[in-house]
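S.K.: Give me a model of this one.
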Amino acid sequence: MAKPMILVIDDEKNIREGLRNALKMEGFDVIASEDGLDGIEKLKVIGADAVILDLKMPRLSGLEFLKEAQAIQNEAPIIILTGHGAVDEAVEAMKRGAYDFLSKPVNIDKLVLLLKRAMDEKWRKVRQDQLEEMVDERYQFKNVIGNSPAFQKVIEKIKQVAPTDASVLLTGESGTGKEVVANSIHANSRRAKGPLIKVHCAALPETLLESELFGHERGAFTGAVARKRGRFELADGGTIFLDEIGEISQSVQVKLLRVLQEQEFERVGGEETLKVNIRIITATNRNLKKLASEGNFREDLFYRLNIVNLHLPPLRERREDIPLFCENFIYHFSQKHDKKVKNIQPKALRLLESYNWPGNVRELQNLMENLVVLSSGETITEEMLPDYVTLSDGKERAVIESGMTLGEIEKKAILSTLDFTKGNKSKAARILNIGRKTLLRKLEEYGE
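M.R.: Take a look at the predicted model:
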């Protein structure tokens, strides 16, 4: 692995040579310049991972060097060396883009720590810029990540539907990224500057859900001590995202149908008709068409919601995307938890790619955060992975076969996850990213 290259610029030979020798002993490669003008030329031709810069120099001062370095779009962090009484100039240099400053005489240990921290932050920024470029340009939409054939079809549909006002129904197993896709559709729509209001329909009982969606007037029911604006009212001019739409009651379905048809409603307990201009995106892990045929979901509402259907494939059908997810999560959670994790061991990655992921992307995200938090080094290794990923017990979980229906796959995922949690339903629901009530209802349907 190449050693980091440090450019030292100081017109005092003793300081310049002293820093060169000390930094070489610390494992750096060092080039030196006696003034700012020569330093700029070396930066253009040779480059550097970091710069140590004196402020007071002939031909080109430290502040002038900063300006020139920015003009050539140099991204190497610059650490200022300042003499006694020149702190104000050092602070000014930081305002102009310097990373930090140290006073002379230089404490080498402090300088080395500062260099490592500065270069580490630079590496993280460069890597994040690369990831954002891949997401924004190669994958078209920020945070909608995937290069697998299965997900490329989804991305193409997102690109087509986002600029329109068509209602979108997102389907797929729990944890496949339906909310992320909803965010992307809104962000790339004509309503991007308007609000994006989200409602988790399964998280609220029927009475509270109606009030949450449509608002209520003072005195409409016990506890309604003041008028409340509903989510549809708050979403006016923007988009509303209704997650787990398959869980809403028949009475709420009727009101929702009216909003879709007429773009109007009344608050609970109110008489005033409110007009709104909104786009509706809904999501479910249930088969709404089947529910409608069984009389458990309004057929006319289903067709209104299902103008465009985007089905998100489970992670096991897009394993090619797992390395990109891992890289993205490692960067994000290292930043969030102030950790130094940078990569994942190839063998560990292969194990993650071979696991069936009943909880899909959400399960992978939770695992990667756990691994980053508990890591003490820069690399996630095979030994750090939990037993259920490495299949140390020899059991293959949730085997998916060609020709299986979505319901059969869902059942396999739920029962496999329950097996993994040793029957702990709350834990299984968290892994699957569904409500405990939804899990219990599913188990009752399965006769478990």
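S.K.: Tell me the spacing between Leu113 and Asp100.
M.R.: Using Cβ to Cβ, to the nearest Å, Leu113 is found at 11 Å from Asp100. Every residue, glycine included, has its C-beta placed from N, CA and C.
S.K.: quick one: low-confidence ranges for this structure?
M.R.: By pLDDT under 70, the weakly predicted segments of the chain are 1-2, 73-74, 84-86, 125-143, 391-403.
S.K.: next one: stretch 108-121 to chain centre, how far?
M.R.: Taking the mean C-alpha point of stretch 108-121 and that of its whole chain, the gap between them comes to 29 Å (Cα atoms, centre = their mean, to the nearest Å).
S.K.: Pull out the buried positions in it.
M.R.: By 16 or more other Cβ atoms under 10 Å, the buried positions in stretch 108-121 come out as Leu111, Val112, Leu114, Leu115, Ala118, Met119.
S.K.: try stretch 427-444
M.R.: Of the residues in stretch 427-444, those buried under the neighbour-count criterion (16+ other Cβ under 10 Å) are Ala428, Ala429, Arg430, Ile431, Leu432, Asn433, Ile434, Gly435, Thr438, Leu439, Lys442, Leu443.
S.K.: re the thing from before, got CSV for the buried residues of stretch 108-121, with secondary structure too?
M.R.: Listed next are those as CSV, based on DSSP: H, G, I helix; E, B strand; the rest coil:
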residue, secondary structure
Leu111, helix
Val112, helix
Leu114, helix
Leu115, helix
Ala118, helix
Met119, helix
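S.K.: Now distance to Thr82 too, for these, in CSV please.
M.R.: Converted to CSV, those look like this (distance: Cβ to Cβ, whole Å):
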residue, distance to Thr82
Leu111, 13
Val112, 18
Leu114, 13
Leu115, 16
Ala118, 16
Met119, 21
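S.K.: quick check, nearest of those residues to Lys178?
M.R.: The shortest distance between Lys178 and any of the buried residues of stretch 108-121, using Cβ to Cβ, involves Met119 and amounts to 38.8 Å.
S.K.: residues in contact with that closest one?
M.R.: Contacts were defined as Cβ atoms under 8 Å, 6 or more residues apart in numbering; by that measure Met119 touches Pro4, Asp49, Ala50, Pro77.
S.K.: Which segments of the protein make up each domain?
M.R.: When the chain is parsed with automatic domain parsing, its domains come out as 5-120, 149-311, 320-394, 398-448.
S.K.: thinking again about what came up before, Provide a ChimeraX selection command restricted to the buried entries of the contacts of Met119.
M.R.: To isolate in ChimeraX the members of these that are buried, counting by 16+ other Cβ under 10 Å, one can use:
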select :4,49,50,77
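S.K.: got the contacts of Met119 as CSV, with secondary structure columns?
M.R.: Listed next are those as CSV, based on three-state DSSP:
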residue, secondary structure
Pro4, coil
Asp49, coil
Ala50, strand
Pro77, coil
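S.K.: Okay, helices next: where are they in the stretch 201-350 of the chain?
M.R.: Counting by DSSP state H, counting those that start in this stretch, one finds helices in the stretch 201-350 of the chain at the ranges 206-214, 231-234, 250-262, 288-293, 299-305, 322-337, 346-354.
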